[in-house]
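> only geometry, no sequence info:
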């Protein structure tokens, strides 16, 4: 009986923590601004690809409708980091940690909430981009008629969710908004490509970097891009993992980064 009561209390506590984090997150402009930016970042390139298809004599593909995914991911990473650093900046994190002294449950609730929002945002942005292209290029073959087509569109949400967890982890490790944003903008847009320039070891390291791996999940071997090199990135991923294992690998990386952030948050003053 006592064990059942403890389980119920734990469930109620987790629900209250998630509700509290939801109120805090959506009471500021950050999730709305980043959400709109992610939608535009996905839809605008899809519209350009559809409208310019006739001039380039290169019909749009399902993959080309998702060309803006990397920039949209940056918005998700920044959103997740700001969900943490804004509390450190305003000082509200003090009250949060006083209410939950162990800190871990509240930080897990924050990560879960941001990841859930990122999942919904990723699905909405990806399907909006695909729909925009279909409307602007009705003659193009943009039907989702294969597993690869569905994965590159519907897979955006499952990618954005662990990406948001990464953002929360970085926010906990850095704590300062400027530093966290700088890391989370520079890494996906530049860092993994720069690694390839390292003599001898660069290519081998790049094969196992997280965003390169998750690109393998989305793009596979380029099936959604009608066999052309590209997909939703300039070059297909050289990760040795299969698409499913690539997503799992990214999820483990996100969990490790979050665990590191929580560990550091528990060891220092708020």
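Structure received. Just so it is clear, the structure is predicted and the values come from calculations on it, not from any experiment.
> any idea which element the closest residue to residue 243 other than its chain neighbours lies in?
Distances taken as Cβ to Cβ, 6 or more residues apart in numbering place residue 217 nearest to residue 243, at 4.6 Å, with adjacent residues excluded. (C-beta placed from N, C-alpha, C; glycine too.) Secondary structure from DSSP states H and E places residue 217 in helix 210-219.
> What's the first helix or strand after the helix of greatest length in the chain?
Ranked by residue count, the top helix of the chain under DSSP state H comes out as helix 104-136. The element immediately downstream of helix 104-136 (helix or strand, assigned by DSSP H and E) is helix 147-154.
> ok now the next helix or strand after that following helix, how far from the chain's centre?
Sequence order places helix 156-174 as the next helix or strand after helix 147-154, per DSSP H and E. Mean-position distance between helix 156-174 and its chain equals 6 Å (Cα atoms, centre = their mean, to the nearest Å).
> Run through the neighbouring helices and strands of helix 156-174.
helix 69-90, helix 104-136, helix 177-186, helix 210-219, helix 243-267 (3 or more Cβ pairs under 8 Å, 6 or more residues apart in numbering; DSSP states H and E).
> Figure out which of those helices is closest to residue 39.
helix 104-136 (4.9 Å; Cβ to Cβ).
> check contacts around residue 73.
Neighbouring residues of residue 73 by Cβ atoms under 8 Å, 6 or more residues apart in numbering: 159-160, 163, 188.
> before we move on, back to that, distance to residue 28 and mean pLDDT for the helices and strands packed on helix 156-174 - can I get that in JSON lines?
Shown next, in JSON lines, are the helices and strands packed on helix 156-174 (distance: least, Cβ to Cβ, whole Å; pLDDT from 0 to 100):
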{"stretch": "helix 69-90", "distance to residue 28": "7", "mean pLDDT": "91"}
{"stretch": "helix 104-136", "distance to residue 28": "13", "mean pLDDT": "94"}
{"stretch": "helix 177-186", "distance to residue 28": "12", "mean pLDDT": "93"}
{"stretch": "helix 210-219", "distance to residue 28": "27", "mean pLDDT": "92"}
{"stretch": "helix 243-267", "distance to residue 28": "20", "mean pLDDT": "94"}
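> Of all those helices, which one is nearest residue 23?
helix 104-136 (10.2 Å).
> Could you check the angle that closest one makes with helix 210-219?
For helix 104-136 against helix 210-219, the angle by axes from the mean of the first three to the mean of the last three Cα atoms, to 10 degrees is 50 degrees.
> helices or strands up against helix 104-136?
Judged by 3+ Cβ pairs under 8 Å, 6+ apart, helix 104-136 is in contact with helix 2-26, helix 30-51, helix 69-90, helix 92-99, helix 147-154, helix 156-174, helix 243-267.
> who wins for proximity to residue 128 among these?
Of those, nearest to residue 128 by Cβ to Cβ is helix 30-51, at 5.3 Å.
> Which neighbouring elements make contact with the helix holding residue 217?
helix 147-154, helix 156-174, helix 243-267.
> Just name the most buried of those.
Comparing these by mean neighbour count (mean count of other Cβ atoms under 10 Å), helix 156-174 comes out on top with a mean of 27.
> for that one, what is the average pLDDT?
Averaging pLDDT along helix 156-174 gives 96.
> what does stretch 137-149 give?
87.
> residues in contact with that stretch?
With Cβ under 8 Å, 6+ apart as the criterion, stretch 137-149 contacts 50-51, 53, 59-62, 65, 130, 133-134, 150, 153, 220, 223-224.
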